[in-house]
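# what shape does this take:
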Amino acid sequence: MKILNAEEMRNIDRRATERFGIPSIVLMENAALAVVDAIADHYPDIDRAAIFCGTGANGGDGLAIARHLENRGVVPVILIVGDRTRFAGDARTNFSICERLGIPMYDVEGDVEAALAHAADADIIIDAIFGTGLNRPPDGAFAEVIRAIAELRLPVVAVDLPSGLNASSPEPFDPCIQAEVTVTFAAPKLCHVFDPAAMYCGEVIVADISIPEAAIEDENVRLSVTATRDVAPLFASRATSTHKGTYGHVAIVAGSEGRSGAAALAARGAIRTGAGLVTVVTDRGTAKLVHNHSAESMTYSGDDFAGFVNGKSAALIGPGLADDDESYRAIRELVAAIEKPLVIDASALNAFAGDLASVGAGRVLTPHPGELARLIGRDTKWINANRIEAARMAARDAQSVVVLKGHQTLIADPDGYVNVNPTGNPGMASGGMGDVLGGIIAALLARGIDAFEAAVAGVYLHGFAGDLLAEELGDAGLTAMDLAEKLPLAMKRL
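Predicted coordinates for the structure are as follows:
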């Protein structure tokens, strides 16, 4: 599902009307009906609604919503924020219809307190003041109205986005409407997806208002949010004729003294994602722990790591390896020698600090912000403030897929496409979760799945399993091993 900024949405609207011949008033009508349907679903027992309308297209949506609510037995009152003589085009058409229908309309700008008295007995507020065109903080009467709406303490349904958000930014303006439900059109905007702006949106409903898919595709949007339908086919039931060889053999180069648990967790991630075979390539001491905690996996402690790994379907390197110069030299040599699909994680990433290009093209890198900062020579604060740009930069420089872990994990490819992952929860902020994720992605690569698709699906599955675990146990005290054991159920649900 594409994530749009304000300019992209304007281009798509224009393309729908000019290229495909869909009248803009039809789009407005469909938008209004989508909001009214959402109101009926979420608030079926309301009797009265107060619709706050700006004088632009968003206000036109609000006017159309008012007449549809009246048709469904809800008593509407329209509160116009701004100069009503500025209504134009489709908004002017809907204003005229509401006048002829005799729907009560009051101007807010002259006396905010008096106008708000007309909303005091409403059951719900519809916010149609500003749409995607807002690019500066609301001021004057607009700011006064937004603050006063908060004082009414009524549920708010926002049309397209809560007034006070910038469609193209995760940072809200002040003041800003706090909505319980937001109905947006065609695709989510940046403010619907990324915090802190997303916290003002409440539940976000993306409504189809008949904009053709081609109108969106032609915009070449490079930012998307992963949907269940994107990844579910990869977890479909297995064909009866398959065998363990069908699902590949994963080699995991992991573990060292004091860090052997990471190797076992990575192995569990790969096994529980359905890899046919898993072998942990490690020292003999770590091998004993892997045998104790992952009976289904094998170990290899021979001398020819590169030859062994290249005989397998896919590999993961990094979890629990030592962080010292000798280990980094060995990691760099091994990565250069590996020809199979490869996930690079944890200490293996640190081996390439400041030299991202030498990881080799076509890999999957899974850094957290601190690791990515070391890779590209920035500080962690900059990474966290510029996550999309940072992920794109790293993927381009490495010519590989980059998974920037954290809340709303990002998956970037070398061409600049970025997927935002919506699954996961704060309970997953515990040690070992990243090791399991590395095993999951490696298992998907072992099946022959493309690197970007494997990363997107692996991150989604990892978060979804965490969500199932949190539903069962709460969001504190969750362990990586618990999550790994939840993966088969998560795949079944998907």
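
# quick one: contacts for Leu190?
With contact taken as Cβ atoms under 8 Å, 6 or more residues apart in numbering, Leu190 is in contact with Ile3, Leu4, Asn5, Ala167, Ser168, Ser169, Pro170, Ala197, Leu223. Where you see a C-beta, it was placed from the backbone N, CA and C, and this is true even at glycine.

# contacting residues around the nearest residue to the fifth one once chain neighbours are set aside?
Same thing as Ser168. Spatially, and ignoring its direct neighbours in sequence, Ser168 is nearest to Asn5 (3.8 Å; Cβ to Cβ, 6 or more residues apart in numbering). By Cβ under 8 Å, 6+ apart, Asn5 lies in contact with Ala167, Ser168, Lys189, Leu190.

# out of those residues, which are inside helices?
Assigned to helices by DSSP state H, the following of those qualify: Leu190.

# out of the contacts of Asn5, which comes closest to Leu444?
Leu190 (28.2 Å; Cβ to Cβ).

# check the gap between that closest one and Thr423 for me.
Using Cβ to Cβ, to the nearest Å, one gets 19 Å for the distance from Leu190 to Thr423.

# could I get the full set of helices for the stretch 301-450 of the chain?
305-310, 325-337, 347-350, 369-376, 380-385, 387-398, 433-446 (DSSP state H, counting those that start in this stretch).

# buried residues in stretch 84-93?
Using 16 or more other Cβ atoms under 10 Å as the test for burial, stretch 84-93 gives Arg84, Phe87, Asp90, Ala91, Arg92, Thr93.

# of those, which pair is most distant in space?
Arg84 and Asp90 (15.1 Å).

# thinking again about what came up before, what is the nearest of the buried residues of stretch 84-93 to Arg147?
Arg84 (21.9 Å).

# re the thing from before, from the contacts of Leu190, which land in strands?
Leu223 (DSSP state E).

# which of the contacts of Leu190 sits closest to Glu180?
Nearest to Glu180 among the contacts of Leu190 is Ala197, at 15.7 Å by Cβ to Cβ.

# tell me what the worst-scoring helix or strand of the chain on mean pLDDT is packed against?
Lowest by mean pLDDT, DSSP states H and E among the helices and strands of the chain is helix 112-117, with a mean of 84. Secondary-structure packing of helix 112-117 (3 or more Cβ pairs under 8 Å, 6 or more residues apart in numbering; DSSP states H and E): helix 140-152.

# give the buried residues for the helix it packs on.
Under 16+ other Cβ under 10 Å, the buried positions of helix 140-152 are Ala141, Phe142, Ala143, Glu144, Val145, Ile146, Arg147, Ala148, Ile149.

# following that helix, which helix or strand shows up next?
The element immediately downstream of helix 140-152 (helix or strand, assigned by DSSP states H and E) is strand 156-159.

# sheet partners, orientation included, of that following strand?
strand 124-128 (parallel), strand 181-185 (parallel) (DSSP bridges).

# what comes into contact with the first one?
Looking back up the chat, that one is strand 124-128. With Cβ under 8 Å, 6+ apart, strand 124-128 has contacts from 35, 39, 43, 46, 48-54, 58-59, 61-63, 65, 119, 149, 152, 154-159, 162-163, 177, 179.

# of the residues you listed, which belong to helices?
Per DSSP H, the subset of those in helices is Val35, Ile39, Asn58, Gly59, Asp61, Gly62, Leu63, Ile65, Ile149, Leu152.

# buried only: go through those for me.
Buried among these by 16+ other Cβ under 10 Å: Val35, Ile39, Asn58, Gly59, Asp61, Gly62, Leu63, Ile65, Ile149.

# could you dump the residues you listed into CSV with pLDDT and distance to Gln408 added?
Shown next, in CSV, are these (pLDDT from 0 to 100; distance: Cβ to Cβ, whole Å):
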residue, pLDDT, distance to Gln408
Val35, 98, 26
Ile39, 98, 28
Asn58, 97, 26
Gly59, 98, 32
Asp61, 98, 28
Gly62, 98, 30
Leu63, 98, 35
Ile65, 98, 31
Ile149, 93, 28
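
# run the chain-centre distance for the helix or strand containing Glu70.
Assigned by DSSP H and E, Glu70 falls within helix 57-71. The chain centroid and the centroid of helix 57-71 are separated by 30 Å under Cα atoms, centre = their mean, to the nearest Å.

# and for that helix, what's in contact with it?
28-29, 31-33, 35-36, 39, 49, 51-54, 76, 78, 80-82, 87, 89-95, 97-98, 101, 103, 126, 128-133, 159-160.

# just the ones of the residues you listed in strands?
Members of the contacts of helix 57-71 lying in strands (criterion: DSSP E): Ala49, Ile51, Phe52, Cys53, Pro76, Ile78, Ile80, Ile126, Ala128, Val159.

# circling back: what's the closest of the ones in helices among the contacts of strand 124-128 to Lys244?
Nearest to Lys244 among the ones in helices among the contacts of strand 124-128, with distances taken as Cβ to Cβ, is Val35, at 51.8 Å.

# please tell me how far the closest one sits from Glu389.
Distance from Val35 to Glu389, by Cβ to Cβ: 34 Å.

# same question, Ile449
27 Å.

# more neighbours: the two, which one.
Ile449 (20 against 13; other Cβ atoms under 10 Å).

# in the helix ranked longest in the chain, which residues are buried?
Across the chain, the helix with the greatest residue count (assigned by DSSP H) is helix 451-473. By 16+ other Cβ under 10 Å, the buried positions in helix 451-473 come out as 451-470.

# for it, packing partners?
Going by 3+ Cβ pairs under 8 Å, 6+ apart, helix 451-473 lies up against helix 228-231, strand 364-365, strand 401-404, strand 410-412, helix 433-446, helix 480-493.
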